Structures are given as structure tokens and as C-alpha cells.
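*Asks:* The following block contains a protein sequence and its predicted model.
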Amino acid sequence: MTGSGDSQTLEEMDKVKDWLSKEDPVTIVTHQKVDADAAFSAALLQILRPHAGLIFVRADAEIIDESCLAVDLCEGPRAVKGLEKGSAFGLIVAVMKEIDRPVYNALRRWANQLNLTDSGKNCKDNVVLAGLVNCWRSLKFDDAQIVSRVKELILGKISSEKRTQELRKSAKTISINEGIAVISEEIHVRASHLFKRGAIAVIRQSECGQCVIISKELQNNGILLTELESILPEEWFVHPGGFMACFGSVKAPKDYKDSGLNLEELVLVIKTWIKSQKDILPNEG
């Protein structure tokens, strides 16, 4: 049986879907002196409907125009508050789960945070979105400027999520042999995605140089690349934490041909070292 709260949420979600499908011109309405929920809701809607107008009104304004969506407002038939979700932004993001899954995936953690903070609950995240809005407010930004800054954050978050999905697909094309994944110059992939597939060491050769990164599995067992400092050529850098060794990097590129090891030799060094750590290697089969 659907409760009254669920019914209100479904009604508001339908209202958002209906507004998103309307032809231009459409307008986004939210309250003046925007807080995080108002700013993030308005910014996301601007991204979804780039030609929509944006106006700021009193918090007790009643919006009745069918072309408007009144986010983080309570009065009138066009209001979307998201009380049951915890925030209007959380409700809009929930709608995106059906319409645009990458957008939902990118923003769901921010939505969960605002669902807590906008409901007066504690949040353990290191960066609190409401705090960002307060910082912009302290710099004398007006409502439109704050929404514009939030829009930049959301666009960046969505772009980053789409890039992550592309890299995750690329990771599936990399072979893992004896726990080692080797990445050539032309392939862009994150080591973390390969670790999730079972790699315990990732060797990369690119225009920036050569690099070895080991998994948390090795690190947690006290097996660190610092053990190879005396074996690797002198110009190699081994991170004091032992998780990475490199000759060159994106921050300080070097020609991998000058590393003192060709790719095959580097793979052999790492493979031999890992084989000496038999006790922690994952069981095959």
C-alpha cells in the first residue's frame, strides 16, 4: 500500500518529468537568498533545460503558471519541495535515474548529502555543499552568481562520471597475467578499475614515462615497492608510501627510453618480485 508520503513524492516526480518534457519557453523558479537545495536544484534544471528562464521569488510565493517549476518552494501547484526525499535536489536526481542514468550516477551522492543536510541531519562528508554556498555568499555573490557556480560544479561532476564510465570500459580490454596488467602508450585506463578486476600491480608506459602502481591488497600485507629501491635504476622515484614507483609522470614527464629499463625488463622485475610474495597472491581457478 502506498503511503501519503510516497504519493506526494510520486506526484512531485511526475511534475518534474512533465516540466522537462514541455516545449520552450519554460521557467525555473526558486526562492531568493538561495540555500544549497535551491541553488543545486535550479542549476541542475538549467543544465537539463539550457534555455529555461530563472527567477528568484519570496519563499512564500505561490507559483501557478504551468510553464514554471518552483523548486524548494512549498506554495502553489507548481511547487516541488521533496520533503519525503529530504530535498528538492534529491527528488530531481531521483527522476534522472529513469531518464539519464549517467547524470543520476554522477549526482546521487550529492543528492544523498543534501537529503540529510536540508532535513537538519548530520552529514559526515568532508566537503559539505551547503558550506560552499555559504562561502560564495560571504564573498557577496548574488543568487544568480551562486547558481552559476553550482552549475559549473554539476557540469564537471557529470563530465567526470561519463569519463569514468569510458575508462571502466577501456579497463575491460586490458589483459591481466599473473596479477599484472600492462598498459601501453595509447590506452587510457585507471589502475583502480584494473585492481577491481583482480590485478595486484599495474605497469604503465606512456609519453610521460614509466610507472608501477600496486594494489591495496599488497600494501595491506606490508608488501611495498620501497623493497625495489636498490634494484630500480637510480633516476627512478619510489614513493615513500611504497605504493608507486615511476620514471617520469604527468607532472614531470620523461622519455621512457631513458628509464634504464625497457617495458619487457620492467615487467620481468615486477613479476619476479611478486612471485617472491607467493603467500598473498590470489588463488587461481
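*Replies:* Right, received. Where do you want to start?
*Asks:* Show me which positions of the strand or helix carrying Glu98 end up buried.
*Replies:* Secondary structure assigned from DSSP states H and E places Glu98 in helix 88-99. Residues of helix 88-99 classed as buried by neighbour count (16 or more other Cβ atoms under 10 Å): Ala88, Phe89, Gly90, Leu91, Ile92, Val93, Ala94, Val95, Met96. The C-beta positions use only the backbone N, C-alpha and C, and glycine is treated the same way.
*Asks:* Not counting sequence-adjacent ones, nearest residue to the fourth one?
*Replies:* Using Cβ to Cβ, 6 or more residues apart in numbering and skipping residues adjacent in sequence, the residue nearest Leu91 is Gly82, 3.5 Å away.
*Asks:* ok now do that neighbour, which residues does it touch?
*Replies:* Counting by Cβ atoms under 8 Å, 6 or more residues apart in numbering, Gly82 touches Thr9, Glu12, Asp37, Asp72, Ala88, Phe89, Gly90, Leu91, Ile92.
*Asks:* Buried residues in the longest helix seen in the chain, which are they?
*Replies:* If you go by DSSP state H, the chain has its longest helix at helix 143-171. Under the neighbour-count criterion of 16+ other Cβ under 10 Å, helix 143-171 has 143, 146-151, 154, 157-158, 161, 164, 170-171 buried.
*Asks:* any chance of those residues in CSV, plus distance to Arg58?
*Replies:* Shown next, in CSV, are the buried residues of helix 143-171 (distance: Cβ to Cβ, whole Å):
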residue, distance to Arg58
Asp143, 12
Ile146, 17
Val147, 17
Ser148, 22
Arg149, 23
Val150, 21
Lys151, 23
Ile154, 26
Lys157, 30
Ile158, 31
Glu161, 35
Thr164, 40
Ser170, 50
Ala171, 51
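*Asks:* Kindly present the residues you listed as a markdown table, with separate columns for pLDDT.
*Replies:* Putting the buried residues of helix 143-171 into a markdown table (pLDDT from 0 to 100) gives the following:
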| residue | pLDDT |
| --- | --- |
| Asp143 | 98 |
| Ile146 | 98 |
| Val147 | 98 |
| Ser148 | 98 |
| Arg149 | 98 |
| Val150 | 98 |
| Lys151 | 98 |
| Ile154 | 98 |
| Lys157 | 97 |
| Ile158 | 96 |
| Glu161 | 93 |
| Thr164 | 93 |
| Ser170 | 92 |
| Ala171 | 94 |
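*Asks:* Going by distance to Ile203, which of those wins?
*Replies:* Nearest to Ile203 out of the buried residues of helix 143-171 is Ala171 (Cβ to Cβ; 14.3 Å).
*Asks:* So the residue nearest to that closest one when sequence neighbours are not counted: helix, strand or coil?
*Replies:* Nearest non-adjacent residue to Ala171, counting by Cβ to Cβ, 6+ apart: His193, 3.6 Å away. Of the three states, His193 takes helix under DSSP: H, G, I helix; E, B strand; the rest coil.
*Asks:* His193 and Arg108: what is the separation?
*Replies:* 19 Å (Cβ to Cβ, to the nearest Å).
*Asks:* repeat for Trp236
*Replies:* 40 Å.
*Asks:* Between these two, point out the one with more neighbours.
*Replies:* Trp236 (22 against 16; other Cβ atoms under 10 Å).
*Asks:* Point out where the stretch 1-150 of the chain drops to low pLDDT.
*Replies:* Applying pLDDT under 70 to the stretch 1-150 of the chain flags the ranges 1-5, 124-127.
*Asks:* wouldn't Leu129 be in contact with Leu116 here?
*Replies:* No: contact status for Leu129 versus Leu116: not in contact, 10.5 Å apart, counting by Cβ atoms under 8 Å.
*Asks:* I appreciate the help and will end here.
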